[in-house]
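> output the structure for:
(one chain, ligands or ions: 2)
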Amino acid sequence: MLALTELTLSHFRSHLRAELHLDGRPVAIHGKNGAGKTNILEAVSLFSPGRGLRRASAADMVRRPEGLGWKLKAVLQAPDQAYEIETWSEEGAARQVRIDNKASNQIALGQICRVVWLVPVMDRLWVEAAEGRRRFLDRIALSFDPSHAEATLTYEKAMRERNRLLKEQVRDAAWYRVVEAQMGTAGHRIHTARCSAVQRLIEAQDKAETAFPTAHLDLVQSEGEMPQSEADLVQALAEGRMRDMKVGRSLVGPHRSDLIGTYVHKGIAAKECSTGEQKALLVSLILANARALTASEGAPPILLLDEVAAHLDAGRRAALYDEICALGAQAWMTGTGAELFAELGTRAQVLEVGDMEGISQVVSR
Ligand SMILES: Nc1ncnc2c1ncn2[C@@H]1O[C@H](COP(=O)(O)OP(=O)(O)O)[C@@H](O)[C@H]1O
Ligand SMILES: [Mg+2]
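Ligands and ions are numbered 1, 2, ... in the order given. As a prediction, this is how the structure comes out:
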């Protein structure tokens, strides 16, 4: 099992204080618009590396108007042990992490906790810019390989540095060698991890009996080819300097990749599917991710499915609940009314979020 069993939010977004006691079952949260449901899912998402499901800065998460800082605490039940995790931001500065009362970091967090999410803004994932699809795939790759976070950070830092050199029209090769070597190593690792994630998602769908449509995935480059080895990528960067200098940014590497989805049984590109079908494909991939991880790690990731019921008809919704329960995943789901979760019965913990003078009342039924 991988699940949060205790969660406390302090001064986090709309929650002055909220305490949740969880028992490992899926968590269905309902409450009025603006009650703070998504804020709770965002809090859970911060128990994995990165900026969380809204990609917000630590400063944005500070509860206003006080604006001092926020803190999240949780007990994480992992397959072989429990961890006490705290993550917080002081005065909106970059968030910090403590695991079992020792100073730690986000990379270490990624080693013990895997969190994957679907949020309403992803309803347009297949039709919008490639960046969103890369991010979606990276989150899944990270769940398979915790070191993916490190590779991504290293790559982005090196690329920012290279882009700065390009903008400043620096021509001396010596300045580029170190950053391009870093981009080569990290970039190749990112690409390999993505390819492997795609492969694992395809395989996990192949074997599955599921009510959700099979999504085929292709990782492509927006232009040209992705260099096949670390050395090839370093060479491509060196050879592309003059071209890149004209545009002031790097035009080769994994930041130019795109994820193309296909609704297999219809032979239609995901971006041409109906809104409901596009959502179903994403659900399919999240479930495939969970199945693959259960097979390799013994536990599915924590799933955050914000407003997931919105585009699913009652039959699909019931099928989703059945699959989540069969996987044994701690899936956090939100909706405005309890009736959306009726099919779950006692298989889930149903919580209602209300508000009393800032103290969020999270009532378990
Ligand atoms: N930093 C913040 N400080 C205080 N309130 C916030 C902050 N960020 C968002 N909110 C409030 O949180 C509420 C939205 O919460 P959300 O979790 O998205 O609601 P929902 O239950 O509809 O998912 C809004 O009323 C918003 O104004
Ligand atoms: Mg919401």
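
> count of neighbours near the residue in the stretch 51-200 of the chain that ligand 2 sits nearest to?
Across the stretch 51-200 of the chain, no residue is closer to ligand 2 than Pro120, which sits at 7.5 Å (Cβ to the ion). Every C-beta, even on glycine, is put in place using the N, C-alpha and C of the backbone. Neighbour count for Pro120, taken as other Cβ atoms under 10 Å: 14.

> tell me which element Leu251 is part of?
Using DSSP states H and E, Leu251 sits in no helix or strand.

> ok, now which ones touch it?
Going by Cβ atoms under 8 Å, 6 or more residues apart in numbering, Leu251 touches Glu223, Gly240, Arg243, Asp244.

> hmm, Val75 and Glu6 touching each other?
Yes - here Glu6 reaches Val75: they are 4.3 Å apart, a contact under Cβ atoms under 8 Å.

> for Gly224, helix, strand, or coil?
Under DSSP: H, G, I helix; E, B strand; the rest coil, Gly224 falls in the coil class.

> phi, psi of it?
phi 70, psi -150 (degrees, to the nearest 10).

> what's the helix or strand for Ile32?
Not Ile; residue 32 is Lys. Applying DSSP H and E, one finds Lys32 in no helix or strand.

> please name the residues that touch it.
Listed by Cβ under 8 Å, 6+ apart, the contact set of Lys32 reads Thr336.

> how far away is it from Ala151?
Distance, Lys32 to Ala151, by Cβ to Cβ, to the nearest Å: 41 Å.

> and if you look at Glu323?
As judged by Cβ to Cβ, Glu323 and Ala151 stand 31 Å apart.

> which of the residues in stretch 229-249 are buried?
Glu230, Leu233, Val234, Ala236, Leu237, Gly240, Arg241, Asp244, Met245 (16 or more other Cβ atoms under 10 Å).

> which two from the residues you listed end up farthest apart in space?
Based on Cβ to Cβ, the longest span within the buried residues of stretch 229-249 runs between Glu230 and Met245 and measures 23.1 Å.

> for the closest residue to Cys273 other than its chain neighbours, what are phi and psi?
Spatial nearest neighbour of Cys273, excluding adjacent residues (Cβ to Cβ, 6 or more residues apart in numbering): Tyr263 at 5.3 Å. Main-chain torsions, Tyr263, degrees, to the nearest 10: phi -80, psi 100.

> picking up where we left off before, which residues are in contact with each of Glu6 and Val75?
Residues touching both Glu6 and Val75 (Cβ under 8 Å, 6+ apart): there are none.

> all set, thanks.
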